[in-house]
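# Here is the input, now give the coordinates:
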Amino acid sequence: MMRQFELVERVKAYDPAADEGALNRAYVFSMKAHGAQLRASGDPYFSHPIEVAGILAEMKLDAASIITGLLHDTVEDTVATLEDIERLFDPDIAKLVDGVTKLSRLELQSDQTKQAENFRKLVLAMSEDIRVLLVKLADRLHNMRTLHFLKDEERRRRIARETMEIYAPLAERIGMHEMKDELEDHAFAELHPDARASLMARLAFLREKGEGMAERIMEELQETLTSGGLTAEVSGREKTPYSVWRKMQQKNVGFEQLSDIMAFRVVVDTVEQSYHALGVIHSRYSVVPGRFKDYISTPKPNNYRSLHTGVIGPERQRIEVQIRTREMHEVAELGVAAHWVYKQGAPRTEGRQYRWLRELLDILEHASDPQEFLEHTKLEMFQDQVFCFTPKGDLIALPRGATPVDFAYAVHSVIGDTCVGAKINGRLAPLRTQLANGDQVEVITS
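Predicted coordinates for the structure are as follows:
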């Protein structure tokens, strides 16, 4: 368990202006408030808020978020009140703690309507301050890490399902890929233990069989880029068991047919160097058709930017290579947390990746009951996206499977209402045609 001075040092390391006194007060307040309470693991309950604060500090969040992490369970589980928090800290922190508390209270109910209601409140709280979601995700991540201590199997499965259906997609939507991967993997271990064990065994076998292969591939990629006149960092990582399993399900293929169990990453300094590195790799190795994606010129809605390509690389292995700048890499790993700027103590974030949040609020206003809202938002959150263009070159992101009618409504509801036909890439096409990435769509209205 992290000690008080360690937490303060960790926060001061990236935010020298952080309020040390408030961090110390929050640590002591939480410790006293939770007193002798214990977790299912037998550890003192107080270890949970400390771990949550630690996760938030890893994400380099502002001091208010760290303090909220320390206090997030005090109002619900102890005699402490919001008035105490407002008096000892400030109204901003009390508001954040209140937002997280409201969500935790609802989580204890298990039926579908309550889950829907709970999610509705999460969306409302997030729309006021995205930090509520960040604290909630850190809280959920630590609970998932310790899920195996819960005796009640049904409760474990319910928490894992909720994580897979709501929290992992939310983490992905705000671009926090590392957190999404870990949440999914813990949930996968609970929901499909046999499938995960089998995949872990296969991945271990591959690692053993190709011992040292990843290192050799990285060395050769590094040499190729250096001889092309580039200074780049090359690293490799194995895909998580859950992402391998999901790909097998989606593509309906066996483990042996997957080419990109290992992804190699090239990190450079500038956007120009990213394209230069792509050119060097493509001129040296054969490209796997249909595997190139440019998320730099058309970023994903959560602001993820990177070049992805598949090549028959070193040792005749089919590999996936991701090329990005350092800044893009930070955003890819930390998502919205990478955007916190410590200016006048007010964190600023970019609005672009919140378009989906505004859409959720829109659905919220028009849904007749929480159930309907949950169904709609699951659709809204889960669909992989296709990117299409208007004739003027504006980018419209739509769920996979969208048709020209969906495109028309995404441009404007009036255009949707008057749409009678469509041209896709200059050719007339039926309105039921499914759109593909990169299609240019011209809507014909009447």
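# For burial, what's the neighbour tally of the closest residue in space to Gly175 that isn't next to it in sequence?
Leaving aside its sequence neighbours, Gly175 sits nearest to Gly335 (Cβ to Cβ, 6 or more residues apart in numbering; 2.8 Å). From N, CA and C alone the C-beta is placed, and that goes for glycine too. Applying other Cβ atoms under 10 Å, we find 26 residues neighbouring Gly335.
# Provide a list of residues in contact with Asp98.
By Cβ atoms under 8 Å, 6 or more residues apart in numbering, the contact list for Asp98 reads Val75, Leu82.
# Could you check which helix or strand contains it?
Per DSSP states H and E, Asp98 falls inside helix 91-107.
# Give the rounded mean pLDDT of that helix.
In this model, helix 91-107 carries a mean pLDDT of 77.
# next one: stretch 141-158
Averaging pLDDT along stretch 141-158 gives 92.
# one step back: extract the C-alpha set from the helix holding Asp98 and format it as PDB.
This file holds the C-alpha atoms of helix 91-107, laid out as PDB (Å, rounded to 0.1, in the frame of the first residue of the first chain):
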ATOM      1  CA  PRO A  91     -16.800  23.000  -3.300                       C
ATOM      2  CA  ASP A  92     -15.200  21.700  -6.500                       C
ATOM      3  CA  ILE A  93     -13.900  18.600  -4.700                       C
ATOM      4  CA  ALA A  94     -17.200  18.100  -2.900                       C
ATOM      5  CA  LYS A  95     -19.100  18.200  -6.200                       C
ATOM      6  CA  LEU A  96     -16.700  15.600  -7.700                       C
ATOM      7  CA  VAL A  97     -17.100  13.300  -4.700                       C
ATOM      8  CA  ASP A  98     -20.900  13.800  -4.900                       C
ATOM      9  CA  GLY A  99     -20.900  12.800  -8.600                       C
ATOM     10  CA  VAL A 100     -18.900   9.600  -7.900                       C
ATOM     11  CA  THR A 101     -20.900   8.700  -4.800                       C
ATOM     12  CA  LYS A 102     -24.300   9.000  -6.600                       C
ATOM     13  CA  LEU A 103     -23.000   6.400  -9.100                       C
ATOM     14  CA  SER A 104     -21.700   4.000  -6.500                       C
ATOM     15  CA  ARG A 105     -25.000   4.000  -4.600                       C
ATOM     16  CA  LEU A 106     -26.900   2.900  -7.700                       C
ATOM     17  CA  GLU A 107     -24.500   0.100  -8.600                       C
END
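# immediately after the helix or strand where Phe264 lies, which helix or strand?
Using DSSP H and E, the element containing Phe264 is strand 262-268. Next in sequence after strand 262-268, counting helices and strands by DSSP H and E, comes helix 271-284.
# Which positions within that next one qualify as buried?
Within helix 271-284, the residues that count as buried by 16 or more other Cβ atoms under 10 Å are Val271, Gln273, Ser274, Tyr275, His276, Ala277, Leu278, Val280, Ile281, Arg284.
# Can you report how many residues neighbour the nearest residue to Leu23 once chain neighbours are set aside?
Counting by Cβ to Cβ, 6+ apart, Leu23 lies nearest to Val8, which is 5.1 Å off, once chain neighbours are set aside. If you count neighbours by other Cβ under 10 Å, Val8 ends up with 20.
# is it true that Val8 touches Arg25?
No. Judged on Cβ atoms under 8 Å, Val8 makes no contact with Arg25 at a distance of 11.1 Å.
# Where does the prediction get shaky in the stretch 301-446 of the chain?
Scanning the stretch 301-446 of the chain with the threshold set as pLDDT under 70 gives 336-385.
# related to what we said a few turns ago, return the backbone torsion pair for the residue nearest to Leu23.
Torsion angles at Val8 (phi, psi; degrees, to the nearest 10) stand at phi -60, psi -40.
# ok, back up a step: spatially, which two of the buried residues of helix 271-284 are the most separated?
Maximum pairwise distance among these (Cβ to Cβ): 21.0 Å, between Val271 and Arg284.
# where's the spatially most central residue of the chain, which helix or strand?
Nearest residue to the geometric centre of the chain (Cα atoms, centre = their mean): Glu172, 2.3 Å. Assigned by DSSP H and E, Glu172 belongs to helix 168-173.
# Now the next helix or strand after that helix: buried residues?
On the C-terminal side of helix 168-173, the nearest following helix or strand under DSSP H and E is helix 177-191. Using 16+ other Cβ under 10 Å as the test for burial, helix 177-191 gives 177, 179-191.
# I am finished for the moment; much appreciated.
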